[in-house]
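> build me a structure from this.
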Amino acid sequence: MYNELESAGLHEPEYFCNAFILQTVIYNKNYDNSDGYLENTAIQETNPAIEERNPTISEQNPAIEERNSSIQSEKLSIEKLKKGFVNKNYRENTKDNILAVYNDIDTNQIFGAPEIERVLGCSPTTAKEIMKKIRDMEVVVEVKGSGKGKYRFIYENEA
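Numbering: from 1, shown residues only. Modelled structure (predicted):
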């Protein structure tokens with residue numbers, strides 16, 4: 001490609017690495033290395049015509065934020081999680097295990113028995129029992145499309 005650019009009389013391309021992507025900038029004949037772009041250049045930094053045709057391109061897009069309100073939502077508070085223990089006759093050890101799972105799982109993280117097994121360092125049977133008790137407390141919702149037995153903690157606004 002370098003040979004073709006040189007034979008066409010174009011300037012040497014510049015390479016940039018941006019978030020694991022190699023970007024190449026190829027300048028047209030109107031580019032001047034000392035002063036930057038000349039008056040007739042086809043490449044522009046901003047294009048108002050594009051911005052007018054696509055008003056959805058902006059730093060903040062309220063339409064997306066309205067449709068995906070769960071993105072901004074907070075995980076169920078620990079106080080509300082503890083209220084789920086009120087009508088349950090769980091041992092202290094079980095309560096501690098549930099709280100350990102709650103503290104280790106992130107807000108939008110999808111989890112199941114294998115993740116509980118990893119967090120607690122317990123057997124698969126124990127992890128499944130803990131998962132069953134968490135479901136019985138009604139502090140998780142099933143996530144469709146991620147496989148059988150996958151859940152996430154409910155959001156504060158869903159409680």
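> mind giving me the domain split of this protein?
2-67, 74-158 (automatic domain parsing).
> out of those domains, deepest packed?
Neighbour counts (mean count of other C-beta atoms under 10 Å) averaged over each of the domains of the chain peak at domain 74-158, with a mean of 15. Quick note: C-beta positions are derived from backbone N, CA and C, even for glycine.
> what's the span of it from first residue to last?
10 Å (C-alpha to C-alpha, to the nearest Å).
> and the gap between residue 123 and residue 146?
Per C-beta to C-beta, to the nearest Å, residue 123 is found 23 Å from residue 146.
> list the contacts of the nearest residue to residue 138 once chain neighbours are set aside.
Residue nearest to residue 138 in three dimensions, not counting chain neighbours: residue 84, with 6.9 Å by C-beta to C-beta, 6 or more residues apart in numbering. Shown in contact with residue 84 (C-beta atoms under 8 Å, 6 or more residues apart in numbering): 137-139.
> same question for residue 27.
10-11, 13-14, 43.
> next, the nearest residue to residue 11 once chain neighbours are set aside: secondary structure please.
Closest residue to residue 11 apart from its sequence neighbours, by C-beta to C-beta, 6+ apart: residue 27 at 4.5 Å. Of the three states, residue 27 takes coil under DSSP: H, G, I helix; E, B strand; the rest coil.
> again, but for residue 24
Applying three-state DSSP: residue 24 is strand.
> hey, what's it bridged with?
residue 15 (DSSP bridges).
> do I have it right that residue 90 meets residue 132?
No: contact criterion C-beta atoms under 8 Å: residue 90 and residue 132 do not qualify, at 11.4 Å.
> residue ranges in this structure under the pLDDT threshold?
Along the chain, segments meeting pLDDT under 70 span 1-2, 29-73, 159.
> where exactly do the strands run in it?
Under the criterion DSSP state E, strands of the chain are mapped to 14-18, 21-25, 31-32, 36-37, 140-142, 151-153.
> so what does the last one touch, helix or strand wise?
Think strand 151-153. helix 124-136, strand 140-142 (3 or more C-beta pairs under 8 Å, 6 or more residues apart in numbering; DSSP states H and E).
> let's see that with 6 Å instead.
strand 140-142 (3 or more C-beta pairs under 6 Å, 6 or more residues apart in numbering; DSSP states H and E).
> give the pairing partners of the strand it packs on; include direction for each.
strand 151-153 (antiparallel).
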